[in-house]
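**Student:** heads up, no residue letters with this:
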């Protein structure tokens, strides 16, 4: 579905069976929007499936803009390592949510990456602005989970040790009473 903000006006809708990949559906969904608006500089926002190189090349070729999270097929661990290894050369910026108070919710930096992609039998290149962002709450989640697991493990270990001591005492009492009765 394509809609125009801030009105939420539905510009294009596609209903498909769901047994095919979404990637090739973005181009045909964008075309009616382009023909209706008849202008350049439109921002298309989508999910990571909109990040297919053909879709991005088509948007760039029309002098429009795109915004989406890039999937792990594009930002592989090796690419992310390259970005993060150069982090000392970049300025890390705080990112705030403004809802009365200025709460810091993330930190990040920007990278400009030259991308080349095919469109209509030709190859085009463009500079893509990539934002590498680390959510503070998302980063804390694994730490909380680890601490919870450690606490459970520590409690379980202490409980087993306590049970062992209690059992040892119990068997000690039984052994002591047997020795007295023999």
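**Tutor:** Perfect, I can see it now. Note that the coordinates shown come from a computational prediction; the quantities given were computed from them, not determined experimentally.

**Student:** make it CA atoms for all contacts and neighbour counts henceforth
**Tutor:** Noted.

**Student:** confidence score at the residue nearest the centre of the chain?
**Tutor:** Nearest to the mean C-alpha position of the chain, by CA atoms, centre = their mean, lies residue 69 at 7.2 Å. On the pLDDT scale, residue 69 is placed at 93.

**Student:** next one: residue 73
**Tutor:** 90.

**Student:** ok, residue 151 next?
**Tutor:** For residue 151, pLDDT reads 74.

**Student:** picking that back up, can you tell me the SS state at the residue nearest to the centre of the chain?
**Tutor:** The three-state label given to residue 69 by DSSP: H, G, I helix; E, B strand; the rest coil is coil.

**Student:** residues near the residue nearest to it when sequence neighbours are not counted, how many?
**Tutor:** What sits nearest to residue 69 in space, not counting adjacent residues and going by CA to CA, 6 or more residues apart in numbering, is residue 48, at 5.1 Å. Neighbour count of residue 48, defined by other CA atoms under 10 Å: 16.

**Student:** how about the strands in this structure?
**Tutor:** Remark: strands assigned in the chain by DSSP state E are 2-4, 9-12, 43-45, 65-67, 93-98, 102-119, 122-135.

**Student:** include mean neighbour count when you put those strands into TSV, please.
**Tutor:** Listed next are the strands of the chain as TSV, based on neighbours: other CA atoms under 10 Å:
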stretch	mean neighbour count
strand 2-4	15
strand 9-12	14
strand 43-45	15
strand 65-67	16
strand 93-98	13
strand 102-119	14
strand 122-135	13
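
**Student:** out of those strands, flag the one nearest residue 28.
**Tutor:** In terms of CA to CA, the element of these nearest to residue 28 is strand 9-12, at 9.6 Å.

**Student:** hmm, back to that, I'd say the residue nearest to residue 69 and residue 72 touch.
**Tutor:** No: using CA atoms under 8 Å, residue 48 is not in contact with residue 72; the gap is 9.2 Å.

**Student:** any weak-confidence spans in the protein?
**Tutor:** Scanning the chain for pLDDT under 70 picks out the ranges 1-6, 9, 161, 164-182.

**Student:** do you know how far residue 154 is from residue 146?
**Tutor:** 12 Å (CA to CA, to the nearest Å).

**Student:** do the same with residue 138
**Tutor:** For residue 138 relative to residue 146 (CA to CA), the value is 13 Å.
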